[in-house]
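# generate coordinates for the sequence data below:
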Amino acid sequence: MDKIKQIITKSFLYILALAFIFAFAGKVKLAMVSGHSMDPTLNDGDFLIVYAKEPTDQDIVILTTEGKESKAEYIVKRYYEEKSDETGYWVEGDNKNNSLDSRKLGTFNKDNLFGVAIFDISQFKFLK
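As a prediction, this is how the structure comes out:
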């Protein structure tokens, strides 16, 4: 019985998240965490609700590595306002020993920003 409750609860949360996304079409998107660079804050496979806006200090952001790596991909990192400058965003993974980020790639242009993660659906928690 607990397993059924769990499945119903998870299904409800996913439906709620989808409704939220459709309500803010264009500004709100879904992303999935791939890898362990944001451990322990985010887990591999977590689903995030992402809002298209400028980040503030300590926000979790999703960026593309286009122009930084030969194979462009999306990455999830934490934004550091004090280390950023006019030329771009400084981002680092919470798991410093397992993260490809600004320490190796330098700052990211505003064009690389996909958005700011505002909610972790998988862990049912707001992010900052």
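# from here on, contacts and neighbour counts on C-alpha atoms
Fine.
# can you pull out the strands in this protein?
For the chain, the strands defined by DSSP state E cover 28-32, 47-51, 60-64, 74-79, 91-92, 113-120, 125-126.
# can you put those strands in a markdown table and add mean neighbour count?
Listed next are those as a markdown table, based on neighbours: other Cα atoms under 10 Å:
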| stretch | mean neighbour count |
| --- | --- |
| strand 28-32 | 19 |
| strand 47-51 | 23 |
| strand 60-64 | 24 |
| strand 74-79 | 24 |
| strand 91-92 | 25 |
| strand 113-120 | 23 |
| strand 125-126 | 12 |
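# go through those and find the least confident stretch.
The minimum mean pLDDT among the strands of the chain belongs to strand 28-32 (a mean of 89).
# that older thread, distance to Ser99 for the strands of the chain - can I get that in TSV?
Output for the strands of the chain, formatted as TSV (distance: least, Cα to Cα, whole Å):
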stretch	distance to Ser99
strand 28-32	16
strand 47-51	19
strand 60-64	14
strand 74-79	9
strand 91-92	7
strand 113-120	18
strand 125-126	23
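# so which elements touch the longest helix seen in the chain?
Using DSSP state H to define each element, the chain has its longest helix at helix 2-23. Applying 3 or more Cα pairs under 8 Å, 6 or more residues apart in numbering; DSSP states H and E, we find helix 2-23 packed against strand 28-32.
# okay, angle between the strand it packs on and strand 47-51 too, please.
In terms of direction (axes from the mean of the first three to the mean of the last three Cα atoms, to 10 degrees), strand 28-32 departs from strand 47-51 by 150 degrees.
# list the buried residues in the worst-scoring helix or strand of the chain on mean pLDDT.
Least confident helix or strand, the chain: helix 2-23 with a mean of 78, by mean pLDDT, DSSP states H and E. By 16 or more other Cα atoms under 10 Å, the buried positions in helix 2-23 come out as 17, 21.
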